[in-house]
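*Asks:* only geometry, no sequence info:
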Ligand SMILES: [Zn+2]
């Protein structure tokens, strides 16, 4: 299969998953523990008139465009969340797949012929991580909380995946990079290779989660919630030490910029609560998409000075 066809298929998959994410996050209620089957089950209805929606009202992105953002039956405006989340998920899905296929370690194996099974596994895994991060960000923006249910299930998946990657890194048979998957530049491989793959993931969880926990303690829970600390642990398990730290740094830089803009535009006061989960998720995507570019540029400043 050509890579552009694969990325196109992943884009369509992202539209579908985005529509699924809308259902989950719109039906989510913070004070009720709705079982997952009930959350995703049942026919879709208009949020205003309750009219049961037909399949052609539910095509991601396209239905919203054809209906000009209004319900076919009552004419009420449909939330912009639907098309935005669908498109965003599709873009992130195809971007993450593109990035994975461009990683040196993966590019070199693919060049030798067929795509080994662990590449498919890595793609599916990172699409799952992306979906979880989008769900958590939306719920955090709307309800100022990060539900344990999603974080713990993702942690379970991440620990299993880390053990599988560790096993793969220990054998030469499948051409898996011995220092693990790394979204940063090849310079960083030296640092990454100081630990075995499993230790790197665990150190990542301790470093990212631990740093957020210290801030949680210092600000007495006003700057950071325990949900952010758990999300930090999850990010470490997803990315490992070096990638995880870059995601953390990116989250703080973007968070400060947005914070300053919100304060300056008087949209928020200093005492207001701004959810940090979406910035952590954004940090992960920055590390995946631009990690190698950022590290190379940062290091080239020193090369230039010397
Ligand atoms: Zn309606």
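*Replies:* Thanks, I have the structure now. Quick caveat, the model's predicted, so the values are computed rather than measured. Numbering: from 1, shown residues only.
*Asks:* Give me the most central residue, this structure.
*Replies:* In the chain, the centroid-proximal residue (Cα atoms, centre = their mean) is residue 130; its distance is 3.2 Å.
*Asks:* And the residue lying closest to residue 48 once chain neighbours are set aside, its phi and psi?
*Replies:* Computed as Cβ to Cβ, 6 or more residues apart in numbering, the closest residue to residue 48 that is not its neighbour in sequence is residue 76, at 4.2 Å. For every residue, glycine as well, the C-beta is placed using N, CA and C. Note on residue 76: backbone dihedrals following degrees, to the nearest 10 are phi -70, psi 150.
*Asks:* could you check the distance from residue 76 over to residue 50?
*Replies:* 11 Å (Cβ to Cβ, to the nearest Å).
*Asks:* Contact partners for the residue of the stretch 101-250 of the chain found nearest the ion?
*Replies:* Residue of the stretch 101-250 of the chain nearest the ion, by Cβ to the ion: residue 142 (21.3 Å). Contact partners of residue 142, counting by Cβ atoms under 8 Å, 6 or more residues apart in numbering, are 25, 28.
*Asks:* Find the helix or strand that it is a member of.
*Replies:* helix 117-143 (DSSP states H and E).
*Asks:* Report the buried residues of that helix.
*Replies:* 118-119, 122-123, 125-140 (16 or more other Cβ atoms under 10 Å).
*Asks:* What residues sit buried inside the helix or strand following it?
*Replies:* Next along the chain after helix 117-143, taking DSSP H and E as the criterion, comes helix 148-169. The neighbour-count check on helix 148-169 (16+ other Cβ under 10 Å) flags 150-151, 154-155, 157-158, 161-162, 164-166, 168-169 as buried.
*Asks:* can I get those residues in CSV with distance to residue 230 and pLDDT?
*Replies:* Below are the buried residues of helix 148-169 laid out as CSV (distance: Cβ to Cβ, whole Å; pLDDT from 0 to 100):
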residue, distance to residue 230, pLDDT
150, 10, 95
151, 5, 97
154, 10, 98
155, 8, 98
157, 15, 98
158, 12, 98
161, 18, 97
162, 17, 96
164, 22, 96
165, 22, 95
166, 23, 94
168, 27, 94
169, 27, 91
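*Asks:* of all these, which two lie farthest apart?
*Replies:* 150 and 169 (28.0 Å; Cβ to Cβ).
*Asks:* For residue 8, which residues are in contact?
*Replies:* residue 94.
*Asks:* Now the particular helix or strand that has residue 100 in it: average pLDDT?
*Replies:* Assigned by DSSP H and E, residue 100 falls within helix 81-102. The predicted model gives helix 81-102 an average pLDDT of 96.
*Asks:* Low-confidence stretches in this structure?
*Replies:* Residues of the chain meeting the criterion pLDDT under 70: 187, 189, 306.
*Asks:* Could you list every helix and strand that the longest helix that the chain contains packs against?
*Replies:* Longest helix in the chain, counting residues (DSSP state H): helix 277-305. Applying 3 or more Cβ pairs under 8 Å, 6 or more residues apart in numbering; DSSP states H and E, we find helix 277-305 packed against helix 81-102, helix 117-143, helix 187-192, helix 226-239, helix 241-264.
*Asks:* Alright, that wraps it up for me.
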